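Asks: Show me how the following folds:
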Amino acid sequence: MPTSTRTSMVYMMTNMEVMNEVIAFYRDTNGTLTFMGPYPTYGRGTGTRKVSPATANDGIDPLVSQGSLSLSRDGRFLFAVNAGSNSISSFIITDSGGLVLADVKPSEGAQPNSVNVFGNLLYVSNVGNAANNFASNITGFRIEDNGRLTYIPGSTHSLSTINAQPAQVLFTPDGSKIVVTELTTDRISVFHVHKNGTVTGPIINDSNGTRPLGSYFLSSGILLVTEVASSALSSYSMSDNGLLHVISGSVPNGQKTACWVAITRNERFAYTTNTLSGTISTYRIDDSGALTVLGHITSTPVGRPTGIPIDAGVSKDGRNFYTLNGNHGTISVFNIKDDGSLVRLQVAASTNFPYFGSQGLAVL
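Replies: Numbering: from 1, shown residues only. Next comes the predicted model:
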């Protein structure tokens, strides 16, 4: 077993209704996974139920978000949303890769679906629910040294409209701003982050394409955003005032429903998971942030039941790509080649019984 977890674990979330769990896998030197065990969040997921009627209630991608399971940048903590009980769970990651529950706190809204961390600051997006007219918001917390969460008074903030469905909350690389993709408004809202942890905004940007969902920042500050409706990826630069400027607009990959995005460690390639096609597309990123489609690969081997890829991530050493198959509760493992292409190594499972409703992936 590994003695250090900084590059040796992969976590997924079950999103189960009765008791949400995080499933831990050991990551071997070649990137393949071995099931370690489950860790209850002491909160509830939504199972196959969608958090909003905005998308088909097909049991796949119930939270309609990227970042429902998220690591602190130093790899000490793991955070999970409990959309069925309106809470966030915080875990300490032990030297063996196991998880110790540190805290469970109300998310200060209904149906939390994405979390992101910068330093000791955590923000969560809440979708809302029918009872509160799907009032959506983002809310901030301080992360204490012991992993406990403290709500920041005055940090709760509405999105561009009261019922804009958030798909991801994401800090800029320097932590000065927060970006929220809004699936149902076709907008990208940007908030300025203050020293006390509160935010102002939003600065409202129109998405270049419809149904923006997953997003990722390059270290240069260039923002990549997936667009579900056209199965495309756009890239943007951002001004200091929070306005976005298109670099490559809605570059289609020829597949269906590009939802999540991850990038290689050298930031030369991006991957989108195309849920309804069961594929992963590779994009080249040039120095200016312009995008070019290179090709795609199926998430699961031909001849086996089709895996529907949703959440995705790249290992810190840059050698492996992982994606969660939402219709199986399995993780597909790939080796990343120098040209950005993917070679499938494994489809890892924590159980012999496939199940719908899982969501969230974190690669350590």
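
Asks: Quick one: residues contacting residue 256.
Replies: When contacts are counted by Cβ atoms under 8 Å, 6 or more residues apart in numbering, residue 256 touches 231, 274, 275, 276, 277. Any C-beta I mention is one placed from the backbone N, CA and C, and that applies to glycine too.

Asks: Would you mind putting those residues into CSV with secondary structure and pLDDT alongside?
Replies: CSV is the format used below for the contacts of residue 256 (DSSP: H, G, I helix; E, B strand; the rest coil; pLDDT from 0 to 100):
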residue, secondary structure, pLDDT
231, coil, 98
274, strand, 97
275, helix, 95
276, helix, 94
277, helix, 96
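
Asks: which stretches of this protein have low pLDDT?
Replies: The model of the chain has pLDDT under 70 over residues 1-7, 353.

Asks: Quick one: the helices in it, in order.
Replies: Remark: helices of the chain are absent; assignment by DSSP state H.

Asks: Format the contacts of residue 256 as TSV; extra columns: distance to residue 61 and neighbour count.
Replies: Shown next, in TSV, are the contacts of residue 256 (distance: Cβ to Cβ, whole Å; neighbours: other Cβ atoms under 10 Å):
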residue	distance to residue 61	neighbour count
231	14	25
274	12	26
275	6	26
276	10	17
277	14	21
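
Asks: in the stretch 251-364 of the chain, which spans are strands?
Replies: 258-263, 269-274, 279-285, 291-298, 309-314, 320-325, 330-336, 342-349, 361-363 (DSSP state E, counting those that start in this stretch).

Asks: tell me the angle of the fifth one relative to strand 279-285?
Replies: Right, strand 309-314. Per axes from the mean of the first three to the mean of the last three Cα atoms, to 10 degrees, the angle that strand 309-314 makes with strand 279-285 is 40 degrees.

Asks: and if you look at the first one?
Replies: Strand 258-263 and strand 279-285 meet at an angle of 50 degrees, taking the same axes, to 10 degrees as the criterion.

Asks: Return the list of helices and strands in contact with strand 258-263.
Replies: Contact here means 3 or more Cβ pairs under 8 Å, 6 or more residues apart in numbering; DSSP states H and E; on that basis strand 258-263 packs against strand 212-217, strand 223-227, strand 232-238, strand 269-274, strand 309-314.
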